[in-house]
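Engineer: give me coordinates for this.
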Amino acid sequence: VVNYTLPTLSDNCAGASYTRTQGLAVNAVFPSGNTTQTFAATDAAGLVTVCTATVDVYDTQPPTISCPANIHHPNDLGQCSARILYPTPNCSDNCACAVSQVSGLGRNASFSIAGGTWVEVFQATDPTLLTAECSFNISIFDAEAPVIACPADI
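Structural biologist: Just a heads-up that it's a prediction; the model follows:
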């Protein structure tokens, strides 16, 4: 919401007035960037003068992002790994935001036990390129007992 100063008007004769011909009203929600405000003053004789001013709105609020909790999961049956389909991180911002993966294997990837702890890193970016990051760990553990075949008794 922007509260700007309106133009002042004077004329040598009574009856002058002005109108906003371009831009947004006082106390309106302005988009990020530059908005040109144009005002036209008209006097009783029909003479017109125009003035402009620019309202600059800069987004200084970075987005927020939330990742899933750390995942500690058993291996898939018969595998030394597990396929993990985790929820996509969510972002929010006063404008808009988009989430992208910065590093890690990604959703629905196969995570191996041998890999230890895998780190998935995501970034939220808003239209003014402000960013925020979150990460979470994925570890897979072996939940299958080995199978052994003993020789027959002698």
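Engineer: list the contacts of the residue nearest to the spatial centre of the chain.
Structural biologist: Among the residues of the chain, Cys97 comes closest to the average C-alpha position under CA atoms, centre = their mean, at 2.2 Å. With CB atoms under 8 Å, 6 or more residues apart in numbering as the criterion, the residues that contact Cys97 are 63, 65, 91, 124-126. Glycine gets a C-beta too; all of them are placed from N, C-alpha and C.
Engineer: looking at the residues you listed, which is nearest Asn27?
Structural biologist: Nearest to Asn27 among these, counting by CB to CB, is Asp126 at 23.7 Å.
Engineer: burial of that closest one, as a residue count?
Structural biologist: As a burial measure, the neighbour count of Asp126 was computed by other CB atoms under 10 Å and equals 21.
Engineer: how close does it get to Arg107?
Structural biologist: Between Asp126 and Arg107 the distance, using CB to CB, to the nearest Å, works out to 23 Å.
Engineer: ends of stretch 14-31, what's the gap?
Structural biologist: Between the opening and closing residues of stretch 14-31 there is a gap of 37 Å (CA to CA, to the nearest Å).
Engineer: neighbouring contacts of that stretch?
Structural biologist: The list of residues contacting stretch 14-31 from outside it, by CB under 8 Å, 6+ apart, reads 1-4, 6-7, 9-10, 35-44, 50, 52, 55, 57.
Engineer: could you list the buried residues of it?
Structural biologist: For stretch 14-31, the neighbour count (16 or more other CB atoms under 10 Å) marks 16, 18, 23, 30 as buried.
Engineer: distance of the third one relative to Glu144?
Structural biologist: Translated: Gly23. Taking CB to CB as the measure, Gly23 and Glu144 are separated by 68 Å.
Engineer: next one: Ile65
Structural biologist: Ile65 sits 36 Å away from Glu144 when distances are taken as CB to CB.
Engineer: and Pro87, by the same measure?
Structural biologist: Counting by CB to CB, the gap from Pro87 to Glu144 is 26 Å.
Engineer: and what of Cys95?
Structural biologist: Taking CB to CB, one finds Cys95 at 49 Å from Glu144.
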